[in-house]
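Asks: Provided below are the primary sequence and the corresponding predicted coordinates.
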Amino acid sequence: MSKRSNVYLIRGDDASVLSRELDSLTNRLLEGEDKSLVVEELTESQYESESGSYSIESLVNAAQTVPFLTEKRIVIGRHFARFHRLEELGSLIDYFKDIIETNFLILVWEKGPNLQRLSQPPKKLVEKISSCGEIIDVRVGKRVSGWIREKVAESTITLDEGALGLMERTIGEEISRVSAILDTLESVFGMGSQLEAIDIEPYIGQSGNVPPWELTNRISSGNAGLSIEILTRMQASGRQHQMQILGYLTSHYSRILQLADQTNISADEAANILGDKSSFRAKKTLSEAKRLGGKNAKRAIQLLAEADLDLKGATGAPLETVMEVLVARLSSLYLR
């Protein structure tokens, strides 16, 4: 790897992908040092003043603070899309002229809880960071194929071109599923395995399967019996592994959670929040968010997290049973 940059801007349109990229970069920069001593993370609430206005000064001050008892300092600015106007960024751009060599600044272009929509970063900010640091762009529409290949390269699994092509075509823009699929492949075939398309097909889903949206549609009807019937068909086909089904459900409910507390918005605004290219899919997600509500959306994510642990052996229950219980519990949320 070439000389490390001291400033990074991470931008993307999938919250889980952004978080994984941030964790990966932070761990690379830490190089084994104690995270609790080295890292300071600021969020939207820490940019807010008593008057309710937002200022970048707390972030700049943190970036200008020299390390104490450590050799380096890593400052992470979450929810940085709060500062989408160039006039708000003057002190930060000045900081770029005299960067402290022991410090690393990571800016995450994402919206916080109090920001309605995600705007594009100012062109001058992007230009400045490009000249003195690094832009890490993980937007789905920007480079799906390249991102999937990078994640496969970082894993212990080797996929031939046929398998890579199959994964790209099947996953499409649901790239938050990639890590779960790779974990499953490592568990099934072992670390260091070299796999072909025929090997991975049962774990990523292929044509002829029950469409995953058929399962979520049935769950949202509140009918647990019919939902489990659809799930049974998916599992019986042998082409969709439980982790793959869980990955789809997690992606589905993560989208709902993003809109759960913003139900008085239009489909176009929902699409902007979700990073969708059109409002068609976002309109359906918004409708379900209104039905489910914030409390039940959060409960759905909790149930999915518990199922993830169970599928990895936490309780020793059969995988089919874990999924049936999950689907029944998700269905019940729509009856409350």
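Replies: Cool, got the structure.
Asks: I'd like the distance between Ala289 and Leu69.
Replies: Per CB to CB, to the nearest Å, Ala289 is found 46 Å from Leu69. All C-beta spots, glycine's among them, are computed from the backbone N, C-alpha and C.
Asks: Those two - which one has more neighbours?
Replies: Neighbour totals were compared for Ala289 and Leu69, and Ala289 leads with 24 against 7 (other CB atoms under 10 Å).
Asks: and the helix or strand hosting Ser130, what does it pack onto?
Replies: For Ser130, the host element (DSSP states H and E) is helix 123-132. For helix 123-132, the elements it packs on are strand 7-11, helix 90-96, judged by 3 or more CB pairs under 8 Å, 6 or more residues apart in numbering; DSSP states H and E.
Asks: Next SSE downstream of the helix or strand Lys284 falls within?
Replies: If you go by DSSP H and E, Lys284 is part of helix 279-311. Next in sequence after helix 279-311, counting helices and strands by DSSP H and E, comes helix 319-332.
Asks: If you count neighbours, what's buried in that following helix?
Replies: For helix 319-332, burial by neighbour count (16 or more other CB atoms under 10 Å) applies to 319, 322-327, 329-332.
Asks: Over to stretch 300-318?
Replies: For stretch 300-318, a neighbour-count test (16+ other CB under 10 Å) marks 300-301, 303-304, 306-308, 310-311 as buried.
Asks: Kindly indicate which of the residues you listed lies nearest Cys132.
Replies: Proximity of the buried residues of stretch 300-318 to Cys132 (CB to CB) peaks at Ile301, which lies at 37.9 Å.
Asks: how close does that closest one sit to Ala260?
Replies: Ile301 is 10 Å from Ala260, by CB to CB.
Asks: In stretch 35-55, which residues are buried?
Replies: For stretch 35-55, burial by neighbour count (16+ other CB under 10 Å) applies to 38-39, 41-44, 47-48, 54.
Asks: Report the secondary structure state of the residue lying closest to Val126 once chain neighbours are set aside.
Replies: Distances taken as CB to CB, 6 or more residues apart in numbering place Ile135 nearest to Val126, at 6.5 Å, with adjacent residues excluded. Taking DSSP: H, G, I helix; E, B strand; the rest coil as the rule, one finds Ile135 in the strand state.
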